[in-house]
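Colleague: structure, please.
(chains A, B and C)
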Amino acid sequence: MTRSATTTWRRVEVVLAPVLLGLLALAAWEAAVVVLELRPFVVPSPSAIGAELTGNVGIIATAALSTALNAWWGLVIGVVGALVAAAVSAAVRTLDEMSAPLAAAAAVVPIVALAPVLYTMFGANVQTARVAIAAIVSFVPVYVNTLRGLRTVAPVHRDLLRAYAATRRQATLTVTLPGALPFFFSGLRVATSLAVISALVAEYFGGPVDGLGKAITSAVSSSNYPLAWAYVVGAVVVGLLFFCGSSGLERAVLHRRSGR
Amino acid sequence: MRRQVLLGVAGVVALGLAWEGYKLLAPDDGVVVGELTVLPRTTDLAMPHLWDMAARALEPVNSATDALPLWVAVLVAAAFTLGVAAVGWVVGVVVGLATATVMQRFRTAESALLPWVVLSQTVPLIALAPLVRRWGSQLEIGAFDWQDWMSVAVIAAYLAFFPVSIGALRGLSSPDAVHLDLMRSYGVGWWRTYRSLRLPATVPHLIPALRLAAANAVIGTVVAEVSIGLRGGIGRMIVEFGASASADPAKQWSPIFGAVLVGLVAAGVCVLIARALARYRVSEVS
Amino acid sequence: MNTPAPTRPTAPSAGPADAPAATGTEAHAAPAVEVRGVTRRFSSRSGEVVALSDVDLTVRAGEFVSLIGPSGCGKSTLLRLIADLDEPTAGELAVFGRPPRVARQNHDFGIAFQQAGLLPWRSVRTNVELPLELHGAGRAARRARATELLEMVGLADFAQHLPHQLSGGMQQRVAIARALAERPSLLLMDEPFGALDEMTREHVQTELLRLRAETGAAVVFVTHSIPEAVYLSDRVVVMSARPGQVREVVPVGLGAARDRSDDVREDDAFFDRVRAVREALHGTDGTTPRGVDRR
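Modeller: Next up is the predicted model:
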């Protein structure tokens, strides 16, 4: 094979291979369910899930919207709070050092465990507790990453701005903030997926009856496993939309800035 | 170093003071805008005093005569959860490493698998947790009885798997061309190259992945305990005590601190692993 | 920090005609740099390190002076003191007769480091505009000046590129253009060509000579390389380490910068001066200084 033919093939492979694998996996899954006569509580067949999905698009979308809204508001509150906190901590070293162990702990601790107490604190019949969970969870990575970004200024850039007698404000605007942007976005990427996950998981711990998590558990308790899986597909879609949103924003901002 | 510790303690104390301060100053019903409670209620029911939480932890779990003190019961549950999470973590790490190895060895496998692995990290797979609920009671594979805790461990392993496979793949592909050329010039095969070059080179990438996997495994275990209804662990305890919170509001805080403890211990173990592998960690990539 | 009014530093009318020869002729103007009895000590965990000990140095306006010496001889520290990026433990410095802090706030000097230090998210053009922007020059003026400078360093076609799209040598030329943006009458350069390969290095050296002839600025140039120091300078200041001191000042006198071309590198006078600097470096104590390469 010539070199260009090899690269062409490689390009085809990059697209084709995952698609083929996905189709193969689906087919194998379907075949396994049929041949081994697996009962739906083990795993339902993809075709059964597909049927439930198309038959219940409306209610799945409603449940997904409820969860997505909680995740969205949680994300917004968490990110704004994290940015403010990171700015303050970047300016006041003591606060930074005081918050460091708390932030490190918050990153490894199952924050969703707070869900039951938040339901008592905010009321169990409203969504506030779920928003609060999503906010706390998305606060952590954005705060940690942004703060690191604000603290990471290349020594040569610091010297340069000092040599040019730049004011503190100028230094912040020309070097510190643009330099922190990529850090912020990598925090945001983590926060986005965590916000969706925790908004959904908070529903497993109680609260009002709308939302994907509640829908999944109630479908499971009425033994309608294909429907439960269809709700999971809905959750996957919400997760993907959030991911596309944040990485699209990242790309737009970082690209525009470099395109000046 | 000492300053760091002191300030860290100060941070924790400040958090406690904020809790009590807010409880003292804010109205009982929290701050309500329109119909919406935007800041939490401060009643003893919603926000018990810290000292009440501590006092409750020292009392027995319930009124039974042989009841353990609450904090002991919480520690037992925490140990149980930690054990299940550890099983899940180990399985996830092994499978993740194996997947990464396959992806590194065969380029087609990489292009077929990697997009799925990356994709599945962005979606809430934890939603699957309730779906394995009935495996425990009804699944039998030959003579092997599927246990409920195994379902929980599967979820934990599943969540631990993804960061490990991606981190390990990045690490396995990280050796410089010059090192690979060196190995080739020695005429050693793939396996020796893998053992003496690629695996050690993986460590800096693997350490943060292991940490993330541990956090994921703990979260997965706690959540799966709740949604599968597995007794004995901290997740179930949180929900149980939460249900009786109106009668005993301080009680549910003990298992919450237990969950925090589980997370911290898991992270601590990862720090120890990182220490043990320090030789291979010239520079850590996070 | 206050921002001084964006006045242009009083460059010697950017007069290329009187680019100074080896020996100074400008007795009246304040020297570009004056260093008197400067000592700089750093305290570290393992005790005190004397980076500079009682250093005296004068750089006349328009003069090109190189600082050379083994690693740890304090040549970079000296440059940082002149630029007011650091403060001396003892002694005094003056830049055009003023304290370095005042000179810095008046934008009296341009500076370039071993790393180009370009802001990775800014285009080549906006990187060159940075000092003008910081000091409040108007958009049109910035643009015009950046265009002029990029032409001067031969990168006009790359104005819209991002730094990472450029080779190391090109990045360094952008950094030099940036240092020249405000027509400073003093350029401070800390091993700016240290990371470049030999070919690129000779090229940018010749370019620097030309630029310097055009602008008439004084230059303080830190380097590891003996031929580089000799080729570029009017005088070479040879320093010794532990503690950092001026060991010897070697006059070069290879003619006016504008007349110097690549041919000089093969001149006997050139080799003679290289030998003189090398002997000064190796000193009378017979120890071979480390970290000095002979490029």
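Colleague: near chain B, which residues of the stretch 151-260 of chain A?
Modeller: Remark: the part of the stretch 151-260 of chain A in contact with chain B comprises A:193, A:196-197, A:200-201, A:204-206, A:212-213, A:216-217, A:220, A:225, A:228-229, A:231-232, A:235-236, A:238-240, A:242-243, using C-beta under 8 Å from any C-beta of the partner chain. (Glycine included, C-beta is placed from N, CA and C.)
Colleague: 6 Å instead?
Modeller: Residues of the stretch 151-260 of chain A found near chain B, taking C-beta under 6 Å from any C-beta of the partner chain as the criterion, are A:193, A:196-197, A:200-201, A:204, A:216-217, A:220, A:228, A:232, A:235-236, A:239, A:243.
Colleague: tell me the domain ranges of the chain?
Modeller: Using chain A. Taking automatic domain parsing as the domain assignment, the ranges for chain A are A:1-38, A:53-258.
Colleague: think we crossed wires, I meant chain C
Modeller: C:33-108+C:185-282, C:118-183.
Colleague: dump the ones you listed to a markdown table, plus mean neighbour count, mean pLDDT and distance to A:Leu24.
Modeller: As requested, these are arranged in a markdown table below (neighbours: other C-beta atoms under 10 Å in any protein chain shown; pLDDT from 0 to 100; distance: least, C-beta to C-beta, whole Å):
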| stretch | mean neighbour count | mean pLDDT | distance to A:Leu24 |
| --- | --- | --- | --- |
| domain C:33-108+C:185-282 | 20 | 83 | 51 |
| domain C:118-183 | 19 | 86 | 40 |
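Colleague: any chance of TSV for those domains, columns distance to chain B?
Modeller: Putting these into TSV (distance: least, C-beta to the nearest C-beta, whole Å) gives the following:
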stretch	distance to chain B
domain C:33-108+C:185-282	13
domain C:118-183	19
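Colleague: rewinding a little: farthest-separated two in the residues of the stretch 151-260 of chain A next to chain B?
Modeller: Comparing all pairs in those by C-beta to C-beta, the longest separation belongs to A:Val220 and A:Phe243, at 25.8 Å.
Colleague: mind listing the helices for the stretch 101-250 of chain B?
Modeller: Listed from the start of the chain, the stretch 101-250 of chain B has helices (DSSP state H, counting those that start in this stretch) covering B:107-121, B:135-138, B:148-172, B:177-185, B:190-193, B:199-228, B:234-243.
Colleague: which residues are in contact with the single nearest residue of the stretch 51-200 of chain A relative to chain C?
Modeller: When distances are taken as C-beta to the nearest C-beta, the stretch 51-200 of chain A reaches nearest to chain C at A:Val156, 3.7 Å away. With contact taken as C-beta atoms under 6 Å, 6 or more residues apart in numbering or on different chains, A:Val156 is in contact with C:Phe113, C:Gln115, C:Gly117.
Colleague: of those, which belong to helices?
Modeller: Among the contacts of A:Val156, no residue falls in helices (DSSP state H).
Colleague: which one among these gets closest to chain A?
Modeller: C:Gly117 (3.7 Å).
Colleague: that closest one contacts A:Leu160, doesn't it?
Modeller: Yes: under the contact definition of C-beta atoms under 6 Å, C:Gly117 touches A:Leu160, with a separation of 5.4 Å.
Colleague: pretty sure C:Leu57 sits in a strand.
Modeller: Yes: counting by DSSP: H, G, I helix; E, B strand; the rest coil, one finds C:Leu57 located in a strand.
Colleague: nearest residue to it in space, please, no chain neighbours.
Modeller: With C-beta to C-beta, 6 or more residues apart in numbering or on different chains as the criterion, C:Leu57 has its nearest non-adjacent residue at 4.2 Å, and that residue is C:Val35.
Colleague: off-centre distance for the helix or strand where the one you found lies?
Modeller: Secondary structure assigned from DSSP states H and E places C:Val35 in strand C:33-44. Taking the mean of its C-alpha atoms, strand C:33-44 sits 18 Å from the chain's own mean (C-alpha atoms, centre = their mean, to the nearest Å).
Colleague: residues in the stretch 1-150 of chain B within reach of chain A, list them.
Modeller: Among all residues of the stretch 1-150 of chain B, those adjacent to chain A (criterion: C-beta under 6 Å from any C-beta) are B:7-8, B:10-11, B:37, B:40-41, B:46, B:108, B:111-112, B:115, B:122-124, B:126-128, B:130-131, B:133-134.
Colleague: name the residues that touch the helix or strand containing B:Val269?
Modeller: Remark: B:Val269 resides in helix B:253-276, with elements defined by DSSP H and E. Counting contacts by C-beta under 6 Å, 6+ apart, the residues outside helix B:253-276 that touch it are A:108-110, A:113, B:53, B:57, B:70, B:74, B:78, B:81-82, B:207, B:210-211, B:214, B:218, B:222, B:234, B:237-238, B:241.
Colleague: still on that earlier bit, tell me which of A:Val220 and A:Phe243 has more neighbours.
Modeller: Neighbours of A:Val220 and A:Phe243, each counted by other C-beta atoms under 10 Å in any protein chain shown, are more numerous for A:Val220; the result is 23 against 19.
Colleague: and that one, that's in a helix?
Modeller: Yes: under three-state DSSP, A:Val220 sits within a helix.
Colleague: one step back: who has more neighbours, C:Gly117 and A:Leu160?
Modeller: Between C:Gly117 and A:Leu160, counted using other C-beta under 10 Å, the more crowded position is A:Leu160 (28 against 24).
Colleague: what's the first helix or strand after the helix or strand hosting that one?
Modeller: Using DSSP H and E, A:Leu160 sits in helix A:155-163. Along the chain past helix A:155-163, the next helix or strand (assigned with DSSP H and E) turns out to be helix A:168-171.
Colleague: wait, a strand at C:Met189?
Modeller: Yes: under three-state DSSP, C:Met189 falls within a strand.
Colleague: hmm, it is touching C:Ala112, no?
Modeller: Yes: using C-beta under 6 Å as the test, C:Met189 is close enough to C:Ala112 to be in contact (4.8 Å).
Colleague: now do the contacts for residue 175.
Modeller: No chain in the question, so chain A it is. Residues touching A:Val175, when contacts are defined by C-beta under 6 Å, 6+ apart, comprise A:His157.
Colleague: right idea, wrong chain: chain C
Modeller: With contacts defined as C-beta under 6 Å, 6+ apart, the neighbours of C:Ala175 are C:Ala112, C:Ala116.
Colleague: could you rerun that using 8 Å?
Modeller: C:Ala112, C:Phe113, C:Ala116, C:Gly117, C:Leu118, C:Pro192 (C-beta atoms under 8 Å, 6 or more residues apart in numbering or on different chains).
Colleague: report the angle between the helix or strand containing it and helix A:155-163.
Modeller: For C:Ala175, the host element (DSSP H and E) is helix C:168-180. Here the directions of helix C:168-180 and helix A:155-163 differ by 20 degrees (axes from the mean of the first three to the mean of the last three C-alpha atoms, to 10 degrees).
Colleague: most neighbours among the residues of the stretch 151-260 of chain A next to chain B, please name it.
Modeller: Each of these was scored for neighbours by other C-beta under 10 Å, and A:Val196 scores highest at 34 neighbours.
Colleague: alright, that wraps it up for me.
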